[in-house]
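A.B. asks: With the input below, show me the fold.
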Amino acid sequence: MVITNHKKQLQILSGSHHPKLAADVAKRLGTHVRSIELKRFANGEIKCQLEESVRGADVFIFQSHNNPVNDAIIEQAIIIDAAKRASAKHITAVCPLFGYARQDRKSSGREPIAAKLIVDILATAGANRIVSLNLHSGQIQGFFDGPFDHLTALPALADHLKAKFGNDFVIVSPDAGRVKLAERYASYLGTDLAIVHKRRMGPNVAEALDVIGEVDGKNCVIIDDMIDTAGTMCAAAEQLKKHGAEKISAMSSHGIFSPPAQKRLAKSPINFLIVTDTAPQNIKFRTPKLEVVSVAGLLAAAIKAIFEESSVSAIFGGQNQI
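C.D. replies: All right, here's what the predicted structure looks like:
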């Protein structure tokens, strides 16, 4: 006698660093975030216990690696380990904001490749698949010996720009490293492109030197994958202002806003600041510059496709292949 069971069960779990995004995604999928007990021992160690059965389920474990980043990564790994030991059938680590993504290669001697280490931690914990959004470098996908779905916020952010400005703006790359990203947005939106020539003086310190392209009298939108201390964005905005830009906006997939980002952005000539909700956005500026675009719909569509074993790339029209 052969016993078969074709029922599949999708479950959403979440760490403590951005539960709202996980809840928004779960709601769009017609489910809810399963309960987890997360506590701290006196010495700071994390205690985790899944409060519902995950046996035989396809489990998607959400955690944005926002500050404190190290706690976020270890907490997610511990939840993955708990799900593995509780007999989950398939475990996907969903990392809307992927920690250590800027350390994806050795830029000088005796440096680690920390992004590879983070992937290894998630894999060792028991992740069968990883989902992330707008990685600093697409090569991080190759660090994982399994499916790695690299999603893009381009459709959501582009739609927001169209609704706000129509087609009357110029896409600006804040430095040479973001030219490819800016080109993709300019091509997708059918707009002109400009590039700011930047020199990095040290960690979190950047100096913009010149602008390549026509920005005089234009509505300019600076594109980057993340805003951390906002040094790059603010330096680029100052150069655009010097070159006669009429209105300046900054747009990024990940709004991290480490100090002194808030002060820099408040003083900058940036009129609008547009980010997604891959990290919790509770920062408040003196002026209403901040606009948050949700990526819950994109993540929900990707998770549905993974669960149903259909194409993830088809959701983005191939735009996620970076």
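A.B. asks: Show me which helix or strand of this structure is least confident by mean pLDDT.
C.D. replies: Least confident helix or strand, the chain: strand 205-212 with a mean of 73, by mean pLDDT, DSSP states H and E.
A.B. asks: Keeping just the C-alphas, turn the helix or strand just after that strand into CSV.
C.D. replies: Next helix or strand after strand 205-212 toward the C-terminus (DSSP states H and E): strand 219-227. Output in CSV follows, covering the C-alpha atoms of strand 219-227 (Å, rounded to 0.1, in the frame of the first residue of the first chain):
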residue,chain,number,x,y,z
ASN,A,219,13.9,67.7,-11.8
CYS,A,220,16.6,65.2,-10.7
VAL,A,221,16.1,61.9,-8.9
ILE,A,222,19.2,60.3,-7.4
ILE,A,223,19.1,56.5,-7.3
ASP,A,224,21.0,54.3,-4.9
ASP,A,225,20.5,50.8,-3.4
MET,A,226,20.7,52.0,0.2
ILE,A,227,21.0,55.2,2.3
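A.B. asks: Looking at strand 219-227 now, give me its mean pLDDT.
C.D. replies: For strand 219-227, mean pLDDT is 96.
A.B. asks: Now do that strand: distance to the chain's middle.
C.D. replies: When C-alpha coordinates are averaged (CA atoms, centre = their mean, to the nearest Å), strand 219-227 and its chain have centres 14 Å apart.
A.B. asks: Flag every buried residue along it.
C.D. replies: Neighbour-count burial for strand 219-227, with 16 or more other CB atoms under 10 Å as criterion, is recorded at 219-227. The C-beta positions use only the backbone N, C-alpha and C, and glycine is treated the same way.
A.B. asks: quick one: which of those residues is nearest D175?
C.D. replies: The nearest member of those to D175, counting by CB to CB, is D224 at 8.5 Å.
A.B. asks: Give me the distance between the closest one and F272.
C.D. replies: Computed as CB to CB, to the nearest Å, the D224 to F272 distance reads 14 Å.
A.B. asks: now for the buried residues of strand 219-227, which pair is the farthest apart?
C.D. replies: Between any two of the buried residues of strand 219-227 (CB to CB), the greatest distance is 22.8 Å, for N219 and M226.
A.B. asks: all helices for the chain, in order.
C.D. replies: 19-28, 69-85, 114-125, 154-165, 179-189, 231-242, 261-267, 296-307 (DSSP state H).
A.B. asks: Mean neighbour count, these: which tops it?
C.D. replies: Among these, helix 231-242 has the highest mean neighbour count (mean count of other CB atoms under 10 Å), at a mean of 23.
A.B. asks: Next, the angle strand 219-227 makes with it.
C.D. replies: Inter-element angle recorded for helix 231-242 and strand 219-227: 170 degrees (by axes from the mean of the first three to the mean of the last three CA atoms, to 10 degrees).
A.B. asks: In this structure, where is pLDDT below threshold?
C.D. replies: Applying pLDDT under 70 to the chain flags residues 1-6, 198-208, 283-287, 317-322.
A.B. asks: Pop the domain breakdown of it in here.
C.D. replies: According to automatic domain parsing, the chain comprises the domains 10-153+297-316, 154-293.
A.B. asks: Correct me if wrong: S16 contacts L38.
C.D. replies: Yes: between S16 and L38 a contact is recorded at 5.5 Å, counting by CB atoms under 8 Å.
A.B. asks: Quick check: which of the helices of the chain is nearest to L133?
C.D. replies: Closest among those, once you apply CB to CB, is helix 296-307, at 7.4 Å.
A.B. asks: what helices or strands is that closest one leaning on?
C.D. replies: Counting contacts by 3 or more CB pairs under 8 Å, 6 or more residues apart in numbering; DSSP states H and E, helix 296-307 is packed against strand 10-14, helix 19-28, strand 58-62, strand 90-95, strand 129-133, strand 148-151, helix 154-165.
A.B. asks: Export these to TSV and append columns for distance to I171.
C.D. replies: Shown next, in TSV, are the helices and strands packed on helix 296-307 (distance: least, CB to CB, whole Å):
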stretch	distance to I171
strand 10-14	34
helix 19-28	26
strand 58-62	31
strand 90-95	27
strand 129-133	20
strand 148-151	20
helix 154-165	9
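A.B. asks: Of the ones you listed, give the one that comes closest to I121.
C.D. replies: Among the helices and strands packed on helix 296-307, strand 90-95 sits nearest to I121 (CB to CB), with 9.8 Å.
A.B. asks: and that closest one, what other elements does it pack with?
C.D. replies: Strand 90-95 packs on strand 58-62, helix 69-85, strand 129-133, helix 296-307, going by 3+ CB pairs under 8 Å, 6+ apart.
A.B. asks: Now do the longest one: everything it contacts.
C.D. replies: Contact with helix 69-85 is made by 13, 15-17, 36, 38, 46, 48-50, 54, 59, 61, 63-66, 91, 93, 95, 99-100, 118, 121-122, 124-127, as judged by CB atoms under 8 Å, 6 or more residues apart in numbering.
A.B. asks: Cheers, nothing more for now.
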